[in-house]
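Student: I'd like to go over a predicted model; first the sequence, then the structure.
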Amino acid sequence: MLFVWVMLGSFAGISAMVALNVILRLGEPARLSSLDEAVERLDTDAGGFNAGPGVLARDGSAALVEEDGGRRIGLLKAKGDEFVIRYVEPGLVRAARLAEDARLTIRLNDFTFPPFTMAFADAGEARLWADKLNAMQE
């Protein structure tokens with residue numbers, strides 16, 4: 001009989017943890033609501049990041065923001081419920097490949113940051129950012 005009570009208690013405890021995660025929305029992936037939010041995150045991460053032009057992925061999962069002067073590009077990528085941030089400088093870009101459907105696949109010379117694909121609203125904007133990133137190859 002003790003075994004039944006232990007099993008029921010375990011089931012109730014696990015169910016309560018799952019319900020709490022759903023209520024608190026702890027399982028939802030991170031998303032950027034605007035380019036201003038991306039700029040704010042970059043400025044918080046590296047104080048004094050002077051943002052220039054930028055672009056937000058169509059689904060809000062990533063953003064690219066050029067620093068004034070074009071010395072580097074701030075890159076934010078959703079990973080779980082947080083964002084991974086990289087500051088792309090010359091030599092850090094391995095490749096930026098543009099697909100026909102306005103998708104840009106970015107590969108960095110950073111083994112801790114796997115390649116990812118970013119969907120743009122239009123192909124012209126995707127081409128512009130592909131050119132900026134490819135110009136940072138060495």
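Tutor: Great, that's in hand.

Student: can you give me how far stretch 8-28 is from the chain middle?
Tutor: Mean-position distance between stretch 8-28 and its chain equals 27 Å (CA atoms, centre = their mean, to the nearest Å).

Student: for that stretch, buried residues please.
Tutor: Within stretch 8-28, no residue counts as buried by 16 or more other CB atoms under 10 Å. To be clear about C-beta, it is placed using only N, CA and C from the backbone, and glycine gets the same treatment.

Student: mind listing residues that contact it?
Tutor: For stretch 8-28, the external contacting residues (CB atoms under 8 Å, 6 or more residues apart in numbering) are D81.

Student: what is V88 paired to in the beta sheet?
Tutor: Beta-bridge partners of V88, counted by DSSP bridges, are I73.

Student: hang on, it packs against L108?
Tutor: Yes: in this structure, V88 is within contact of L108 by CB atoms under 8 Å, at 7.0 Å.

Student: packing partners of the host helix or strand of G124?
Tutor: Assigned by DSSP states H and E, G124 falls within helix 123-134. Packing partners of helix 123-134 (3 or more CB pairs under 8 Å, 6 or more residues apart in numbering; DSSP states H and E): strand 62-67, strand 93-98, strand 103-108.

Student: recalculate using a threshold of 10 Å.
Tutor: Counting contacts by 3 or more CB pairs under 10 Å, 6 or more residues apart in numbering; DSSP states H and E, helix 123-134 packs against strand 51-56, strand 62-67, strand 73-79, strand 93-98, strand 103-108, strand 116-119.

Student: now do the first one: which elements does it pack against?
Tutor: If I follow you right, that is strand 51-56. Counting by 3+ CB pairs under 10 Å, 6+ apart, strand 51-56 packs on helix 35-45, strand 62-67, strand 73-79, helix 123-134.
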